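>>> Provided below for reference: sequence and predicted model.
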Amino acid sequence: MDHASEDKYGGAYRRDRPRHDPYDEFSLRHPRMDLGQRAKIFSPFAALKGFEQAIEEKLELYEEKRELNEEEQERLERALALLRERTRSLRLVRADPVTVSVTYYVPCRDENHEAYGLRGRYETLTGVVRKVDPELTGTLRIDETEIDLADLTEIRIEESDKEEA
């Protein structure tokens with residue numbers, strides 16, 4: 001700071017907060033703010049909404065979709081045939097729900113990511129099988145999620161604890 005501005009503003013810089021009588025005109029128009037309210041003014045905020053999420057999405061690691069070998073493909077087909085048999089009607093699904101854990105490939109959906117259209121990631125979902133439709137839609141429905149059969153890599157059928165009669 002140069003010498004001229006030091007003289008001009010130096011006194012104001014060194015002064016304390018202005019003091020007012022509790023009932024003067026200024027204090028009535030501008031009451032003192034309690035510390036909780038004052039702290040809110042200076043609390044951090046997200047200037048760019050969604051920026052943190054966008055950065056996290058860019059840091060996600062994606063991988064190429066792998067091809068299943070013959071043994072894995074056969075195991076998957078057997079599990080799908082069993083699921084299709086046990087969910088062939090809505091009545092069967094309600095009477096004896098089948099809980100499964102499936103691992104499937106999800107392609108990168110972020111158009112601005114370098115992996116878009118090239119790579120994806122594997123996710124695991126656990127839930128009740130609602131429908132298996134290899135002919136018409138080529139999907140497996142678990143609860144409210146539709147999964148393309150071509151993206152499945154593993155199906156684990158959870159055995160129920162019901163006692164056999």
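Here it is on my side, so go on.
>>> what is the rounded mean pLDDT of the strand ranked longest in the chain?
Assignment by DSSP state E gives strand 120-133 as the longest strand of the chain. Averaged across strand 120-133, the pLDDT comes to 91.
>>> For that strand, enumerate the helices and strands it packs against.
helix 70-86, helix 90-95, strand 99-107, strand 139-142, strand 145-148 (3 or more C-beta pairs under 8 Å, 6 or more residues apart in numbering; DSSP states H and E). For glycine as for every other residue, the C-beta is placed from the backbone atoms N, C-alpha and C.
>>> Pick the most deeply packed of the ones you listed.
strand 139-142 (a mean of 21; mean count of other C-beta atoms under 10 Å).
>>> average pLDDT for it?
90.
>>> could you say which helix or strand contains the most centrally placed residue in the chain?
Computing the C-alpha centroid of the chain and ranking residues by C-alpha atoms, centre = their mean puts Q53 first, at 9.3 Å. Per DSSP states H and E, Q53 falls inside helix 51-59.
>>> for that helix, the distance to its chain's centre please.
11 Å (C-alpha atoms, centre = their mean, to the nearest Å).
>>> Just the CA atoms of it, as PDB, please.
These are the backbone C-alpha positions of helix 51-59, laid out as PDB (Å, rounded to 0.1, in the frame of the first residue of the first chain):
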ATOM      1  CA  PHE A  51     -19.400 -30.000 -10.900                       C
ATOM      2  CA  GLU A  52     -18.200 -32.400  -8.100                       C
ATOM      3  CA  GLN A  53     -20.300 -35.200  -9.500                       C
ATOM      4  CA  ALA A  54     -19.000 -34.600 -13.000                       C
ATOM      5  CA  ILE A  55     -15.400 -34.800 -11.800                       C
ATOM      6  CA  GLU A  56     -16.100 -38.000 -10.000                       C
ATOM      7  CA  GLU A  57     -17.700 -39.500 -13.100                       C
ATOM      8  CA  LYS A  58     -14.500 -38.600 -15.100                       C
ATOM      9  CA  LEU A  59     -12.500 -40.500 -12.500                       C
END
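>>> Compare the helices and strands packed on strand 120-133 and give me the one nearest V132.
helix 70-86 (4.2 Å; C-beta to C-beta).
>>> Who are the packing partners of the helix or strand R38 falls within?
In this structure, R38 sits in helix 35-41 according to DSSP H and E. The criterion is 3+ C-beta pairs under 8 Å, 6+ apart, and there are no helices or strands that helix 35-41 contacts.
>>> Tell me the helix or strand right after the helix or strand of the chain with the lowest mean pLDDT.
Least confident helix or strand of the chain, by mean pLDDT, DSSP states H and E, is helix 3-14 with a mean of 64. Downstream of helix 3-14, the next assigned helix or strand under DSSP H and E is helix 25-29.
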